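Chemist: just a sequence and a predicted model for now, questions to come.
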Amino acid sequence: MSEQNVILGDAEYLLHRYNEQADLFHFLPVPRELHRNCTFISDEHLPKNLAVSQVSRAELGNYAVKAAPVHFIFHSAYCCSTMLARVFDIPGTSMGLNEPVILNDMIGWTRRGASEAQRNAVLDQALNFLSRPFGEDRSVVIKPSNICTPLAIPMLRMQPESKALLLYAPIESFLQSIAKKEMWGRIWVRDVLLGTRQDGYLIGGFSEDDLLKLTDLQVAAVGWLSQHAAFANVIKIIGADRVKTLDSDTFLARQKDVMHALNDLYALNLDGAQIKELLSGPAFTSHSKLDQRAQDGAFDAKARKEEQLQMAELHGAEIEMVSKWTAAVAGSQGIAMDIGSPLLA
């Protein structure tokens, strides 16, 4: 077997980037253990010395990819999505891919002028390689970056057996997270707003002058509402049988129920003992974005509540005002704050 066929056939060679000028895919050697040790499978978090293998996309036309069922976690940021994606590293059952950069490349390429047909041809091929199973695993769960919401409908259409979870933080919790990040969080929400407008799913009702007059937390709320409306559209187009919603507060408060429901949604066939083991594992007992070795206990509903109380003391009045303003904007534009299709009854 040629070296190229080894790379193409092995999920431990991550499909990492797409070079649109040369029409090349980049693969990196990323074994399971390295996935576990990286917050995200991005250049910022992966080791710098990984050997890049470049493969022309034309060479892949006749390659038969061994693919497993693939499912998705789409999210609106600051909603425990990284924590949840880590859960699906279950040898023999599934592997969770935490924000593959090649999906971000599809968004960037579209912003630079690629047509939907051009992008979808590459996206379909990329998705097939992302769905290669690790070892004896039976499925793959992909958590794209929050900027990849425009890819949700095309990817679910490309994979008609796939199921998706739409994960989000309630508006108050989201605003608390942004306030906690201080200047960097406030810069981030403005970057998100610009991207959302460029991608064509920014909610209406605001002129450019109107947007410039908004406070940072109002900008955050407009971005949150835009994601919320986009999620509602995913449910409408793909169907509530394939797409379920969950908020982060419910996830943290009802972890056992959530894992049983996702086991059913993704058809993982885990038994009660396996789910119990997952609930006591590292995904639920350390902060997903901090060094696990530095943690003294679980990052759970109690820990998150303590963070929220701290933010309420500092920013509670503003967060309450912006939350009420968000509901009023949603009502004026016919955007449901409850978009339905809940994972848990």
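Modeler: In hand now; what should we look at?

Chemist: buried stuff in stretch 88-107?
Modeler: Along stretch 88-107, the positions that meet the burial threshold by neighbour count (16 or more other CB atoms under 10 Å) are 88-90, 93-107. The C-beta positions use only the backbone N, C-alpha and C, and glycine is treated the same way.

Chemist: same thing with stretch 141-149?
Modeler: Taking 16+ other CB under 10 Å as the neighbour-count basis, stretch 141-149 is seen to contain the buried residues 141-149.

Chemist: which one of those is nearest to residue 256?
Modeler: Nearest to residue 256, judged by CB to CB, of those is residue 141 at 18.4 Å.

Chemist: circling back to that earlier point, turn the buried residues of stretch 141-149 into CSV, columns for pLDDT and secondary structure.
Modeler: As requested, those are arranged in CSV below (pLDDT from 0 to 100; DSSP: H, G, I helix; E, B strand; the rest coil):
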residue, pLDDT, secondary structure
141, 98, strand
142, 98, strand
143, 98, strand
144, 98, coil
145, 97, coil
146, 96, helix
147, 97, helix
148, 98, helix
149, 97, helix
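
Chemist: nearest to residue 216, of those?
Modeler: Top of the list for closeness to residue 216, among those and by CB to CB, is residue 146 at 17.7 Å.

Chemist: isn't that closest one up against residue 76?
Modeler: Yes. A contact is recorded between residue 146 and residue 76 when judged using CB atoms under 8 Å, the distance being 5.8 Å.

Chemist: contacting residues around the host helix or strand of residue 187?
Modeler: When elements are assigned from DSSP states H and E, residue 187 belongs to helix 182-199. Helix 182-199 is contacted from outside by 77, 107, 110-111, 146-147, 149-150, 177-179, 181, 202, 211, 216, 219-220, 222-223, 226-227, using CB atoms under 8 Å, 6 or more residues apart in numbering.

Chemist: list residues touching both of residue 146 and residue 76?
Modeler: Applying CB under 8 Å, 6+ apart, one finds that residue 146 and residue 76 are jointly contacted by residue 227.

Chemist: take the buried residues of stretch 88-107 and keep only those in strands.
Modeler: Under the assignment DSSP state E, the buried residues of stretch 88-107 contribute 94-98 to strands.

Chemist: next one: the spatially closest residue to residue 4 that is not a sequence neighbour from residue 15, what distance?
Modeler: Nearest-residue entry for residue 4: residue 55, 6.4 Å, with adjacent residues in sequence omitted and distances by CB to CB, 6 or more residues apart in numbering. Computed as CB to CB, to the nearest Å, the residue 55 to residue 15 distance reads 9 Å.

Chemist: for the stretch 101-250 of the chain, just list every one of the helices.
Modeler: 101-111, 116-130, 152-158, 171-180, 182-199, 208-213, 216-238, 248-253 (DSSP state H, counting those that start in this stretch).

Chemist: quick check: mean pLDDT across the fifth one?
Modeler: In this case it means helix 182-199. The average pLDDT for helix 182-199 rounds to 96.

Chemist: how far off centre is that helix?
Modeler: Using CA atoms, centre = their mean, to the nearest Å, we find the averaged C-alpha position of helix 182-199 to lie 17 Å away from the chain's own average C-alpha position.

Chemist: quick one on the thing from earlier: looking at the helices of the stretch 101-250 of the chain, which is closest to residue 343?
Modeler: helix 248-253 (8.3 Å).

Chemist: avg pLDDT for that closest one?
Modeler: For helix 248-253, the mean confidence score works out to 95.

Chemist: and residue 53, how many neighbours?
Modeler: Residues lying near residue 53 (other CB atoms under 10 Å) number 18.

Chemist: residues in contact with it?
Modeler: Taking CB under 8 Å, 6+ apart as the test, what residue 53 contacts is 4, 7, 13, 26-28.

Chemist: if we can go back for a sec, right, and the helices of the stretch 101-250 of the chain - which one's nearest residue 333?
Modeler: Smallest distance to residue 333 across the helices of the stretch 101-250 of the chain (CB to CB): 7.9 Å, for helix 216-238.

Chemist: mind listing what's buried along that closest one?
Modeler: Under 16+ other CB under 10 Å, the buried positions of helix 216-238 are 216-232, 234-235, 238.

Chemist: and the angle from that helix to helix 182-199?
Modeler: Using axes from the mean of the first three to the mean of the last three CA atoms, to 10 degrees, one finds that helix 216-238 and helix 182-199 are set 40 degrees apart in direction.

Chemist: and helix 216-238 with helix 171-180, angle?
Modeler: Using the same axes, to 10 degrees: helix 216-238 against helix 171-180 is 130 degrees.

Chemist: kindly export helix 216-238 (C-alpha atoms) in CSV.
Modeler: The C-alpha trace of helix 216-238 is given here as CSV (Å, rounded to 0.1, in the frame of the first residue of the first chain):
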residue,chain,number,x,y,z
ASP,A,216,-20.8,45.7,23.5
LEU,A,217,-23.4,43.5,25.2
GLN,A,218,-26.1,44.7,22.8
VAL,A,219,-23.8,43.6,20.0
ALA,A,220,-23.4,40.3,21.7
ALA,A,221,-27.1,39.9,21.9
VAL,A,222,-27.6,40.7,18.2
GLY,A,223,-25.1,38.0,17.4
TRP,A,224,-26.9,35.6,19.7
LEU,A,225,-30.2,36.3,18.1
SER,A,226,-28.8,35.9,14.6
GLN,A,227,-27.5,32.4,15.6
HIS,A,228,-30.8,31.6,17.3
ALA,A,229,-32.8,32.5,14.1
ALA,A,230,-30.3,30.5,12.0
PHE,A,231,-30.8,27.5,14.3
ALA,A,232,-34.6,27.8,14.0
ASN,A,233,-34.1,27.7,10.2
VAL,A,234,-32.0,24.5,10.4
ILE,A,235,-34.9,22.8,12.3
LYS,A,236,-37.4,24.1,9.8
ILE,A,237,-35.5,22.9,6.7
ILE,A,238,-33.9,19.7,8.0
